[in-house]
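Peer 1: let's see this in three dimensions:
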Amino acid sequence: MKNKSKPLLKGAVLTTLITLSAPGSALDKPKTMEDMWKIIQAQQKQIDEMKAGMSSASSKAVNDNVEKPANKVTASNEQNSENKVAAGNVQNSENKVADSSVKNLERKTDILSQEVEKLRTNLAIPDEVKYKSAYGLGPAASKVYQVGKGLSIGGYGEANYQKIVSDKGNAKDNADYERLVMYVGYKFTDRILFNSEIEFEHGSTAEGGSVSVEFAALDFFIDPMVNARTGMVLLPMGFLNQIHEPPFYFGNNRPEVERRIIPTTWREIGVGLFGAITPNLTYTGYVINGLDAQGFNSSGIRDGRQAGSQALAENFGYV
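Peer 2: Residues are numbered from 1 along each chain as shown. Alright, predicted model coming up:
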């Protein structure tokens, strides 16, 4: 019985050590909190199974030594004494092996726990993200495209101070909080995401200020060359209508061409396709509600924009 208990105990210890030392993907850096949670659950299950195996092996070894059949007293007292000493030595040796294995298991479990804590820290304090333009939008508006999954919040503010340096009649020095922009996006999966921009102009809804939805659309990723977008979209007109964040143009104000000839920011309700034919050649095309000609005047078409607000859709536009 003693000879059977020792292999059983060694087998449990060997299985434990192989399981802990085998390389695997569990310690690979996960991309999302969901991935990390799956790794933690798998590791905890392994630890529980290992401890249960060690406990079972130790109990079996003790029971095998205790539950020995009673033998008739046929040996002398001296022989009995020798047998007891030999049995005690074997039991002590087995106990030392089990104790050493348990300590080794505890050490490896501590290492595993430290690795899990590192994973939590890495996800709680993510690597620095270098913002860049994606799919025709500015860097801040493109933040949602760089997250693995879930909520994304970005934005910017723009304030100007004007100092009058020449006689312009009644013109006075002035300051204006031009706009406060918030980008709110949510990445549902690798193929579906929502992105939006809400703009507060001139610090208040009074005194010529307003709150507007600049864009709010769902993106459906099918293939790098062909993807779909629907909702309130920014028209691909000019070089600022889609990328209209202040660092992308010279001067404090947007260029006059983009403000008067191309009525930036121009957005309408529509549906369309976008993609990249090559890394340096992209396209965007939409079908949108048309302009309202009643807003046209001698200064341009700016007032013909409908901006998705109870827009007339008798005729569609293509861009």
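
Peer 1: wait, a strand at Ile243?
Peer 2: No: under DSSP: H, G, I helix; E, B strand; the rest coil, Ile243 sits outside any strand and is assigned coil.

Peer 1: against Gly53, how distant is it?
Peer 2: 60 Å (Cβ to Cβ, to the nearest Å). C-betas here are computed from N, CA, C, even on glycine.

Peer 1: what does Gly285 give?
Peer 2: As it turns out, when the distance is counted by Cβ to Cβ, Gly285 lies 62 Å from Gly53.

Peer 1: neighbour count winner among those two?
Peer 2: Set Gly285 next to Gly53 and count neighbours by other Cβ atoms under 10 Å: Gly53 wins out with 19 against 13.

Peer 1: tell me the SS of that one?
Peer 2: helix.

Peer 1: who's in contact with Leu303?
Peer 2: Check again: residue 303 is Asp, not Leu. Gly295, Phe296, Asn297 (Cβ atoms under 8 Å, 6 or more residues apart in numbering).

Peer 1: what's the neighbour count on the second one?
Peer 2: Residue neighbour count, defined by other Cβ under 10 Å, stands at 13 for Phe296.

Peer 1: residue ranges of the helices in the protein, please?
Peer 2: 2-21, 33-66, 77-124, 256 (DSSP state H).

Peer 1: how many other residues sit next to His244?
Peer 2: 24.

Peer 1: ok, back up a step: in strands only, show me the contacts of Asp303.
Peer 2: Taking DSSP state E as the definition of strands, the contacts of Asp303 contribute nothing to them.

Peer 1: what's the closest of these to Ala217?
Peer 2: When the contacts of Asp303 are compared for distance to Ala217 (Cβ to Cβ), Gly295 wins out at 23.7 Å.

Peer 1: next, count neighbours for the closest one.
Peer 2: 13.

Peer 1: so it touches Gly304, yeah?
Peer 2: Yes: using Cβ atoms under 8 Å, Gly295 is in contact with Gly304, at 3.9 Å.

Peer 1: what is in contact with these two at once?
Peer 2: Joint contacts of Gly295 and Gly304 (Cβ under 8 Å, 6+ apart) do not exist.

Peer 1: the spatially closest residue to Val226 that is not a sequence neighbour: what's it in contact with?
Peer 2: What sits nearest to Val226 in space, not counting adjacent residues and going by Cβ to Cβ, 6 or more residues apart in numbering, is Gly275, at 5.0 Å. By Cβ under 8 Å, 6+ apart, Gly275 lies in contact with Asp223, Pro224, Met225, Val226, Asn227, Thr282, Tyr283.
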